[in-house]
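Peer 1: fold the following for me, if possible:
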Amino acid sequence: MNEQRVDTATATTAPVSVVVPCYRCADTIAESVASIHAQQRRPAEVLLVDDASGDGTLDALHRMAAAYPSGWVKVVTSPANGGPSQARNLGWKDATQPYIAFLDADDTWLPEKIALQMRELERDPQIALIAHRMAILPRGSTPDPVRAPARLQTIGRRRFLLNNPFPTASVILRRDLPFRFDERFRRVEDFLLWAQIGFSGYRCVKLNQVLAYWHKPTFGASGLSGDLDAMHRAGKEVRQELLRTGMVTRGEHWLARGFGMIRRGRRRVLLMMRTAGAG
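Peer 2: Sure thing, here's the model as predicted:
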């Protein structure tokens, strides 16, 4: 990483804290933070949360913070490895802005992301959570341009029963919401939080634009999302938790479980096709 200090004086500031959980991410974090810095409306602060990586990640995060003006990038350390839920909650706790955005340490944003989402949040203060579409893009590839118009869709109760409508790196939410990531869950923990917000009656919306990218397949790859069976079990546990806490009815629970089984079968077929193509 180039350790020259970066000038951040050219973009208008957005009242957003960005929380990035970091676990052994020294090779990818620079690109992720650079995509935050490149925003047309730059977030007021970035919180990089080292989840007890135990390698050179923490040193890399401190070098990252030193490369930007003092206080813009803040490094938070977890006392023990607790997974993404704990790391995001630690960042959420230290955040100072009224809105929080989430980015994973191997994903990136397009420059228009924060500006487009903040425009909608400022138009409608009743929005509790706003997200957008994401796509897979190999590193080094050129992303597609954002195409107007940006349309907003309200995400209602039925949509949450189908699957997770909100990729984590697409979400901005209000910091004052009375929910947090459930630290008992290391997989599908994001959907549990979004569902708790949506099923509690808060206004959730989604833009029709791809404004962020994954740089590896979303399943069947390395990392926590790679184990399809574990992801399926976690999804089942999340649905049971929503039923246990009264967020969904028993009928909704079984409907969501049926969709989950269909989704699992489809992913297995796609993974087999991908493996066959690679061979």
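
Peer 1: skipping adjacent residues, who's closest to Ala80 in space?
Peer 2: Excluding its sequence neighbours, the residue lying closest to Ala80 (CB to CB, 6 or more residues apart in numbering) is Ala52, at 5.4 Å. For glycine as for every other residue, the C-beta is placed from the backbone atoms N, C-alpha and C.

Peer 1: and for that neighbour, the neighbour number?
Peer 2: Using other CB atoms under 10 Å, Ala52 is surrounded by 15 other residues.

Peer 1: now do the SS call for it.
Peer 2: Following DSSP: H, G, I helix; E, B strand; the rest coil, Ala52 is assigned to coil.

Peer 1: cool, and Val205?
Peer 2: Of the three states, Val205 takes strand according to three-state DSSP.

Peer 1: and it, what does it touch?
Peer 2: For Val205, the contact set (CB atoms under 8 Å, 6 or more residues apart in numbering) comprises Glu120, Ile127, Leu129, Ile130, Ala131, Leu152, Gln153, Thr154, Ile155.

Peer 1: any idea which element Lys93 lies in?
Peer 2: Assignment of secondary structure by DSSP states H and E places Lys93 within helix 83-94.

Peer 1: flag every buried residue along that helix.
Peer 2: Gly83, Pro84, Ser85, Gln86, Ala87, Arg88, Asn89, Leu90, Gly91, Trp92 (16 or more other CB atoms under 10 Å).

Peer 1: what mean pLDDT does that helix get?
Peer 2: The average pLDDT for helix 83-94 rounds to 98.

Peer 1: which helices and strands does that helix pack with?
Peer 2: If you count contacts as 3 or more CB pairs under 8 Å, 6 or more residues apart in numbering; DSSP states H and E, helix 83-94 packs onto strand 12-22, strand 41-50, strand 73-77, strand 99-102, helix 189-199.

Peer 1: burial measure for the residue nearest to Leu193 when sequence neighbours are not counted, as a count.
Peer 2: Here the nearest residue to Leu193 in space, its sequence neighbours aside, is Phe181; by CB to CB, 6+ apart that works out to 5.4 Å. As a burial measure, Phe181 scores 22 neighbours (other CB under 10 Å).

Peer 1: isn't Phe181 right up against Ser85?
Peer 2: Yes. With contact defined as CB atoms under 8 Å, Phe181 counts as touching Ser85 (3.7 Å).

Peer 1: need the residues touching each of these two.
Peer 2: Counting by CB under 8 Å, 6+ apart, the shared contacts of Phe181 and Ser85 are Glu189.

Peer 1: and the closest residue to Gln86 other than its chain neighbours, what does it touch?
Peer 2: In this structure, Gln86 finds its nearest non-sequential neighbour in Glu183, 4.9 Å apart by CB to CB, 6+ apart. The neighbourhood of Glu183, defined by CB under 8 Å, 6+ apart, consists of Gly82, Gly83, Ser85, Gln86, Asn89.
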